[in-house]
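In: pasting the structure only:
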């Protein structure tokens, strides 16, 4: 598996992210969908990576700088065919390592609360994340789970 920074210009990643947004819209009410589109991910405070194997896009993830000591995970996704093969764990480990290298003292995320998101909850817990109150501009939302890792 190879993880690389992606400029979000290719049609493969555009289609992959559209599937991500479609899944979020299918499982969460509109006011609770916090997935970013291509324009939202092309911001200077966001670094976006893709994970490839043998020319096939298997997953992606992003890191948004909230403050000099605080990062947020965005757009973590593993393609359906690659689920259960360690793609999410590899991307999450990469983002955690990058957060530490940047000197962040905490890493946060928002994900859905529905059953569709339970595998993600398990992944984050395995890597040491715990539930926390809303952070940044998020508010209390029964459709969201907020998690944090102290680095």
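Out: Perfect, thanks for sending it. Since the model is a prediction, treat every value here as computed from it, not as a measurement.

In: skip the chain neighbours and tell me the closest residue to residue 68.
Out: Using C-beta to C-beta, 6 or more residues apart in numbering and skipping residues adjacent in sequence, the residue nearest residue 68 is residue 103, 7.3 Å away. All C-beta atoms are positioned from the backbone trio N, CA, C, and that covers glycine.

In: quick check: phi and psi on the one you found?
Out: Here is the backbone geometry of residue 103 (degrees, to the nearest 10): phi 90, psi 10.

In: touching, it and residue 71? I think so.
Out: No: Residue 103 is beyond contact range of residue 71, at 10.0 Å (criterion: C-beta atoms under 8 Å).

In: of the two, who's got more company?
Out: Remark: of residue 103 and residue 71, residue 71 carries more neighbours, 28 against 9, as counted by other C-beta atoms under 10 Å.

In: surely that one is in a helix?
Out: No: looking at residue 71 with DSSP: H, G, I helix; E, B strand; the rest coil, it is strand, so not inside a helix.

In: just list whatever residues bridge to it.
Out: Legend: beta-bridge partners of residue 71 under DSSP bridges are residue 65, residue 107.

In: what is the neighbour count of residue 117?
Out: Residue 117: 19 neighbours (other C-beta under 10 Å).

In: so for it, what's the pLDDT?
Out: Note on residue 117: pLDDT of 90.

In: to which secondary structure element type does it belong?
Out: Following three-state DSSP, the label given to residue 117 is helix.

In: show me the contact partners of stretch 25-35.
Out: Stretch 25-35 is contacted by residues 20-21, 24, 75, 110, 112, 114, 116-117, 138, 141, 143-144 when judged by C-beta atoms under 8 Å, 6 or more residues apart in numbering.
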